[in-house]
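>>> here's my sequence, what's the structure:
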Amino acid sequence: MASDKPFILVVEDEPAIVELVSFTLKQANWETSAVHTAAEAWELLQRRTPQLILLDWMLPDQSGLRLLSKIRADRHFSGLPVIMLTAKSMEEDKIAGLDNGADDYITKPFSPRELTARIKALLRRKAPEHAQSTMTAGPVSLDPVSCTVSLNDQKIDIGHAEYKLLKFFLAHPDRVFSRSQLLDKVWGDHAVIEERTVDVHVLRLRKALKEGESLIRTVRSVGYMLSEK
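You can find the predicted model right below:
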């Protein structure tokens, strides 16, 4: 099965920090890409939406704050988790970052352990489908680290699209999602997939889950949900 690691975008122009951060993220089993300017960051965002952005306060072409404001003003990216990396420890600077929409900030120099902990905490809060702990419902369990799904403790074969769909449902139990919401949340804005394709993946998911298929409920005229009730 293809990897389903969270993708983290690093926007930082100091080579030593880029190297430290990239190494730390890879050690934590995250996929990463680093760019050095706000313009490069924006260009990459048009091609691929990350699960989280580490954004430096001072960039060569414009401030990280200005890029953050642009991200928050765009409906595609407004909910993206963003952690500001800053050499500034002044209280008013931290407040300015949070006021502009940063979810958290971390002051340089920082330890790899602190960075990893902050990212994990933010992903748990903002994007539970990218948490690293095992998720379960009824006889079904999913391990995000090994990208495997088990039924009654026996591993089962499951397609990559169905895996992503199940992972999202497990992260948001007892919540109904429309087909368009599932397209957006599971495959992203940039995916060219028709809404009826979601129905196909739901059917395949139910088939893969065998006796666990009843976990995936159809809510008439609305969409789908995962529920043990």
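
>>> tell me, what residue is most central in the protein?
Centroid check for the chain by CA atoms, centre = their mean gives Gln51 as the closest residue, at 3.1 Å.

>>> tell me the buried residues in the helix or strand that Val198 is a member of?
Assigned by DSSP states H and E, Val198 belongs to helix 195-209. For helix 195-209, burial by neighbour count (16 or more other CB atoms under 10 Å) applies to 198, 201-202, 205-206, 208-209. Where C-beta positions appear, they are placed from N, C-alpha and C, glycine not excepted.

>>> same question for stretch 168-181.
168-171, 177, 179, 181.

>>> over to stretch 61-70?
Using 16+ other CB under 10 Å as the test for burial, stretch 61-70 gives 64-65, 67-68.

>>> now Gly212: how far from Leu142?
11 Å (CB to CB, to the nearest Å).

>>> and what of Lys185?
For Lys185, the distance to Leu142 equals 16 Å [CB to CB].

>>> which of these two has more neighbours?
Of the pair Lys185 and Leu142, Leu142 is the one with more neighbours under other CB atoms under 10 Å, namely 20 against 17.

>>> any idea what the more buried one is bridged to?
In this entry, Leu142 is beta-bridged to Met135, Val149, by DSSP bridges.

>>> what's the closest non-adjacent residue to Lys26?
Spatial nearest neighbour of Lys26, excluding adjacent residues (CB to CB, 6 or more residues apart in numbering): Thr32 at 6.4 Å.

>>> neighbours of that neighbour, how many?
For Thr32, the neighbour count with other CB under 10 Å is 21.

>>> three-state assignment of it?
Reduced to three states with DSSP: H, G, I helix; E, B strand; the rest coil, the structure at Thr32 is strand.

>>> from the buried residues of stretch 168-181, pick the one nearest Thr86.
Nearest to Thr86 among the buried residues of stretch 168-181 is Ala171, at 30.1 Å by CB to CB.

>>> tell me the pLDDT at that closest one?
What the model reports for Ala171 is a pLDDT of 86.

>>> ok, it to Phe7 distance?
Using CB to CB, Ala171 is found at 16 Å from Phe7.

>>> next secondary structure after the helix or strand of the chain with the lowest mean pLDDT?
Least confident helix or strand, the chain: helix 91-99 with a mean of 73, by mean pLDDT, DSSP states H and E. The helix or strand immediately downstream of helix 91-99 is strand 104-107, counting by DSSP H and E.

>>> done for today, thanks.
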